[in-house]
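Trainee: 3D, please:
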Amino acid sequence: MQLVINTRGSYLRKNGNCFLVRTDDKVFEVSANKVESILITTSAYISTDAIKFAVENNIDIVFLDFYGNPYGRVWHSKLGSTTLIRRRQLEIYDRREGLNLVKRWSIEKIDNQIELLKRLKQTRTKEKGQLEGYITRIEQMGDELMEVEGSIDEERQRILGFEGMSSKVYFEVVNLIMPGGWKFDGRSRQPAKDAFNCMLNYGYGVLYSMVEKACIIAGLDPYVGFLHTDNYNKKSFVFDVIEIFRTHVDETVIFLFTKRKVKSVYFDEIKGGMSLNKEGKAVLIEALNQTFEKSVKYKGRKIKIRDTIQFRLHEIANEFIKRSG
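Mentor: Residues are numbered from 1 along each chain as shown. Okay, the predicted model is just below:
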């Protein structure tokens with residue numbers, strides 16, 4: 001589970017084999033054995049004993065900004081794996097295998113979007129015809145993407161174009177099934193223009209911290225991107241591979257809206273848009289924790305969704321070694 005500190009002025013310290021959290025109105029303990037990461041979403045106090053305890057138990061402490069984006073992390077300084085993986089990651093970029101990998105990740109994202117839309121279609125007989133039309137359009141874009149040949153530098157904008165077009169259609173479908181009063185006009189980021197994008201953006205921030213950690217454990221360099229360009233201090237590779245897992249957040253947020261679990265009091269108006277407040281963040285993070293704790297069948301075995309992220313990143317790291325060997 002993720003231990004979330006979202007009450008301003010909270011205090012986190014170690015107590016035996018537990019983390020003790022103190023807020024204005026309550027005190028509670030959580031066993032370290034149950035915690036995979038700690039999210040700090042507001043101003044809080046953390047004892048050095050708690051930091052040391054987290055490091056010793058391989059628990060990362062992630063600090064999220066106002067919009068849910070991670071801006072810092074406390075973790076041990078060890079490399080997740082051999083430096084050979086990072087060397088191969090650099091070498092494969094200019095090879096044909098590099099483009100093939102990028103295409104596969106993009107197709108994997110599109111396939112996951114299609115799979116989610118097909119599940120949504122099963123319970124919506126009225127919109128079934130419309131949904132099938134949208135799904136066909138996305139499938140065609142995936143087929144065209146597979147035909148791209150050349151180098152990553154030559155084809156980057158074309159690949160991003162296919163991804164962008166498929167996502168545009170995908171979110172048109174999502175908007176179609178949104179309950180009245182929660183419709184939205186495409187994607188909007190920081191700040192979000194509507195409640196749906198507000199929750200989605202914050203959920204993506206939480207997911208980003210999970211994917212970054214999985215990259216490091218797998219021995220991959222978060223900064224050495226393929227499709228997303230290398231900019232100063234930008235973790236481009238995390239942006240590359242997070243696309244594979246976004247539908248976990250999408251499905252969670254869609255469920256909250258379609259099951260009427262979202263209230264207008266979860267959002268605050270800010271300049272240029274809206275933000276998710278403390279109450280809204282608590283509801284979303286609880287739902288995300290439930291999603292990532294679910295067990296699914298993966299490569300013939302049943303594991304938690306959060307563990308599939310780590311498995312997938314290890315697979316990518318192994319691909320780098322095999323394809324460059």
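
Trainee: and R96, how many residues sit next to it?
Mentor: 13 (other Cβ atoms under 10 Å). For every residue, glycine as well, the C-beta is placed using N, CA and C.

Trainee: Report the spatially closest residue to it, excluding sequence-adjacent ones.
Mentor: Excluding the flanking residues, the one nearest R96 by Cβ to Cβ, 6 or more residues apart in numbering is S151, at 7.9 Å.

Trainee: in stretch 4-19, what counts as buried?
Mentor: Under the neighbour-count criterion of 16 or more other Cβ atoms under 10 Å, stretch 4-19 has V4, I5, N6, T7, S10, Y11, L12, R13, K14, C18, F19 buried.

Trainee: Please identify which of the residues you listed is nearest to L227.
Mentor: V4 (31.1 Å; Cβ to Cβ).

Trainee: so the closest one touches A44, yeah?
Mentor: No: the pair V4 and A44 does not pass the contact test of Cβ atoms under 8 Å, sitting 10.7 Å apart.

Trainee: Mind pulling up the pLDDT for L20?
Mentor: Confidence at L20, expressed as pLDDT, is 94.

Trainee: Would you agree it is in contact with R13?
Mentor: Yes: between L20 and R13 there is a contact at 5.3 Å, judged by Cβ under 8 Å.

Trainee: For the stretch 51-200 of the chain, which segments are assigned as strands?
Mentor: Secondary structure of the stretch 51-200 of the chain (DSSP state E, counting those that start in this stretch): strands located at 60-64, 70-74.

Trainee: Please identify the deepest-packed of those strands.
Mentor: Looking across the strands of the stretch 51-200 of the chain with neighbours counted as mean count of other Cβ atoms under 10 Å, the highest average goes to strand 60-64: a mean of 21.

Trainee: that older thread, save the buried residues of stretch 4-19 as a markdown table, and put in secondary structure too.
Mentor: As requested, these are exported to a markdown table (DSSP: H, G, I helix; E, B strand; the rest coil):
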| residue | secondary structure |
| --- | --- |
| V4 | strand |
| I5 | strand |
| N6 | coil |
| T7 | coil |
| S10 | strand |
| Y11 | strand |
| L12 | strand |
| R13 | strand |
| K14 | strand |
| C18 | strand |
| F19 | strand |
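
Trainee: Need the max-distance pair from those residues.
Mentor: The span of the buried residues of stretch 4-19, defined through Cβ to Cβ, is set by N6 and K14 at 20.0 Å.

Trainee: which residue is nearest the centroid of this structure?
Mentor: With distances taken as Cα atoms, centre = their mean, L207 lies nearest the centre of the chain, 2.7 Å away.

Trainee: and the nearest residue to that one once chain neighbours are set aside, what element?
Mentor: Nearest non-adjacent residue to L207, counting by Cβ to Cβ, 6+ apart: V249, 5.3 Å away. Using DSSP states H and E, V249 sits in helix 246-258.
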